[in-house]
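In: With the input below, show me the fold.
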Amino acid sequence: MKLFTVGIITAIIVASACAVCILTGLNVEVRRSSPEDNNLPPIAENLNPVDAVNGFAFKIYREMFKDFGGDNLFISPYSIFTALAMTYEGARGKTAEEMKGVLCIGQDNESFYLYVKSLYDLFNKNGISTANALWPRTGLQLLQDYVDVIKTYYGGDIKPIDYSDPARASGIINDWIENQTRGKIKDMIPSDAIDPVYTTLILTNAIYFKGIWKIKFDEKNTTYRSFTTQDKKTVQVPTMCLKGVYFNYTENEWMQALELPYRDCNLSMLIILPKKGYNLSHAINQLDENFFSNLIKSMSECKVNVYLPKFEIETLTYRLRKYLENLGMHDAFTPSANFSGIARDVGWIDEVLHKAFVKVDEEGTEAAAATAVVMVMTSIYSGQVKVFDCDHPFMFFIFHKDTGTILFMGCVNDPTNS
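Out: Residues are numbered from 1 along each chain as shown. Model (predicted):
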């Protein structure tokens, strides 16, 4: 399949993804924390959890866009954030301070815990499937306090595993990811990402969603239309069409924005389409959590003629260490990292892996994503009909309407590439 990028920003809440953090260290039993484990005061922060998650979404996407801006870039910031947040729960000292600066949340933050738990419970009752799991090396003793937080608020399972055979270990974890994402995320963790001696813990998140449009596109109206890519190449792509339908809409001097709701759930796709003279780079530089929130609030019902390409994006496995370091998360990737709130000998983060999938057609949207953290030891509109023609690159997001949380985001530069 080919990857494509369209000059629109779309908010979709149908996707599957996975994120993984890999830690390296030496040593799954659980033990009670001792007083010396907690000699550093917990970090406190009174920040709106939604702003923290969405703020991280725009920061990490902006960094990745520098390398992948010419491609169809799709991620689940929610998945990445969740995997990192589970890791951050056990960070201390400088490591915790730097992660706090990137994630913008505090430890022992009751409001954030309630937000995480409510999202987990809400999603798994409303058509979205999300799951967390920790894979400690057999014999690694996780602190009971840490385990309690992961189980209580993140719904995480503890799955001890033998890393001495990297191919077998990666196969077990990849099977779990594939099962959680309904087969959409496969072979995310390569066997060479696991060291048979030094890998101590892998933290994983997976998310999946499949939604049906509240107002479906009729396949009879899908025709091949011209699409101008970011490099000004014109390609012919199957383009869906809805005419004279009322949707939430807004615009400003540089973009149009359209909300396409899904039925039987409180999820929507938000598409941001740059106007002539503007491009995806301009859009990404304008976007942050406040702009996104105000954009949603500014939308009102308007009659629209919609032209939207069918597209499908299946990413390779992204390695996120570089982008997280660029955001200020340095200490966590070095032997001086302090994750003593997880276990005594858990080590540091070796890599953060991420992979995602999304498909948009006449019926609706299907998407998935996963993340792994690998640790090693040591409205003013009249009755005028608006035209929303996605015939050039755009961005898209997947978001939950009640909370405003961005689950997935991406851009399409060329719909013929998947």
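In: mind listing the helices for the stretch 1-150 of the chain?
Out: Using DSSP state H, counting those that start in this stretch, the helices of the stretch 1-150 of the chain run over residues 49-68, 77-88, 93-103, 110-123, 144-154.
In: quick one: which helix or strand includes the closest residue to Phe65 other than its chain neighbours?
Out: Sequence neighbours aside, Ile284 is the residue nearest to Phe65 in space, at 5.5 Å (criterion: Cβ to Cβ, 6 or more residues apart in numbering). To be clear about C-beta, it is placed using only N, CA and C from the backbone, and glycine gets the same treatment. Assigned by DSSP states H and E, Ile284 belongs to helix 280-286.
In: Residues in contact with that helix: which ones?
Out: 5, 7, 9, 58, 61-62, 65, 69, 230, 254-255, 272, 274, 393-395, 411, 413 (Cβ atoms under 8 Å, 6 or more residues apart in numbering).
In: Tell me the helices and strands packed up against whichever helix or strand comes after it.
Out: Note on helix 280-286: by DSSP H and E, the next helix or strand toward the C-terminus is helix 289-298. Counting contacts by 3 or more Cβ pairs under 8 Å, 6 or more residues apart in numbering; DSSP states H and E, helix 289-298 is packed against helix 49-68, strand 267-274.
In: which of the residues in helix 289-298 are buried?
Out: The neighbour-count check on helix 289-298 (16 or more other Cβ atoms under 10 Å) flags Glu289, Phe292, Leu295, Ile296 as buried.
In: Show me which of those is closest to Asp192.
Out: Glu289 (36.2 Å; Cβ to Cβ).
In: Contacts only, for that closest one.
Out: Val50, Asp51, Asn54, Gly55, Ala57, Phe58.
In: Could you export the buried residues of helix 289-298 to JSON lines, including columns for pLDDT and distance to Ile128?
Out: Listed next are the buried residues of helix 289-298 as JSON lines, based on pLDDT from 0 to 100; distance: Cβ to Cβ, whole Å:
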{"residue": "Glu289", "pLDDT": "91", "distance to Ile128": "21"}
{"residue": "Phe292", "pLDDT": "93", "distance to Ile128": "19"}
{"residue": "Leu295", "pLDDT": "93", "distance to Ile128": "22"}
{"residue": "Ile296", "pLDDT": "93", "distance to Ile128": "19"}
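In: gap between Val235 and Val102?
Out: Counting by Cβ to Cβ, to the nearest Å, the separation of Val235 from Val102 is 37 Å.
In: Those two: which is more packed in?
Out: Val102 (21 against 16; other Cβ atoms under 10 Å).
In: how far away is that one from Gln256?
Out: For Val102, the distance to Gln256 - Cβ to Cβ - is 32 Å.
In: again with Leu280
Out: Applying Cβ to Cβ to Leu280 and Gln256 gives a distance of 14 Å.
In: Ok, Asn326 next?
Out: 31 Å.
In: ok, these two, which is more surrounded?
Out: Set side by side, Asn326 and Gln256 show more neighbours around Gln256, with 22 against 16, by other Cβ under 10 Å.
In: What's opposite that one in the beta bridge?
Out: Counting by DSSP bridges, Gln256 is bridged to Glu251, Leu273.
In: Name the residue closest to the centre of the chain, please.
Out: Ser76 (1.6 Å; Cα atoms, centre = their mean).
In: That one contacts Ile207, doesn't it?
Out: Yes: using Cβ atoms under 8 Å, Ser76 makes contact with Ile207 at a distance of 5.8 Å.
In: Helix or strand for Phe399, just tell me which one.
Out: Going by DSSP H and E, Phe399 is part of strand 394-400.
In: elements contacting that strand?
Out: strand 10-11, helix 110-123, strand 267-274, helix 280-286, strand 406-412.
In: Let me have these in CSV, extended by mean neighbour count.
Out: CSV is the format used below for the helices and strands packed on strand 394-400 (neighbours: other Cβ atoms under 10 Å):
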stretch, mean neighbour count
strand 10-11, 30
helix 110-123, 17
strand 267-274, 26
helix 280-286, 18
strand 406-412, 31
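In: Could you dump the ones you listed into a markdown table and include mean pLDDT and distance to Trp176?
Out: Converted to a markdown table, these look like this (pLDDT from 0 to 100; distance: least, Cβ to Cβ, whole Å):
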| stretch | mean pLDDT | distance to Trp176 |
| --- | --- | --- |
| strand 10-11 | 34 | 28 |
| helix 110-123 | 84 | 17 |
| strand 267-274 | 94 | 25 |
| helix 280-286 | 91 | 33 |
| strand 406-412 | 92 | 20 |
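In: Just tell me which of those ends up closest to Val376.
Out: That would be helix 110-123 among those, by Cβ to Cβ, at 26.1 Å.
In: Please work out the angle formed by the directions of the closest one and helix 93-103.
Out: 50 degrees (axes from the mean of the first three to the mean of the last three Cα atoms, to 10 degrees).
In: relative orientation of helix 110-123 and strand 406-412 in degrees?
Out: 70 degrees.
In: packing partners for helix 110-123?
Out: helix 49-68, strand 128-136, helix 144-154, strand 394-400.
In: Now tell me what touches the second one from outside.
Out: Strand 128-136 has contacts (Cβ under 8 Å, 6+ apart) with 13, 16, 28, 79, 82-83, 86, 119-120, 123-124, 142, 150, 154-161, 169, 173, 176, 180, 182, 200-209, 265, 267, 343, 407.
In: Kindly recompute the last result at 6 Å.
Out: 28, 123, 142, 154, 156-161, 173, 180, 201-209 (Cβ atoms under 6 Å, 6 or more residues apart in numbering).
In: of those residues, buried ones?
Out: 28, 123, 142, 154, 156, 161, 173, 180, 201-209.
In: Can you get me a residue count around Val223?
Out: Just to correct that, residue 223 is Thr rather than Val. 12.
In: Roughly how far does it sit from Thr239?
Out: Counting by Cβ to Cβ - Thr223 and Thr239 are separated by 6 Å.
In: and if you look at Ser268?
Out: For Ser268, the distance to Thr239 - Cβ to Cβ - is 20 Å.
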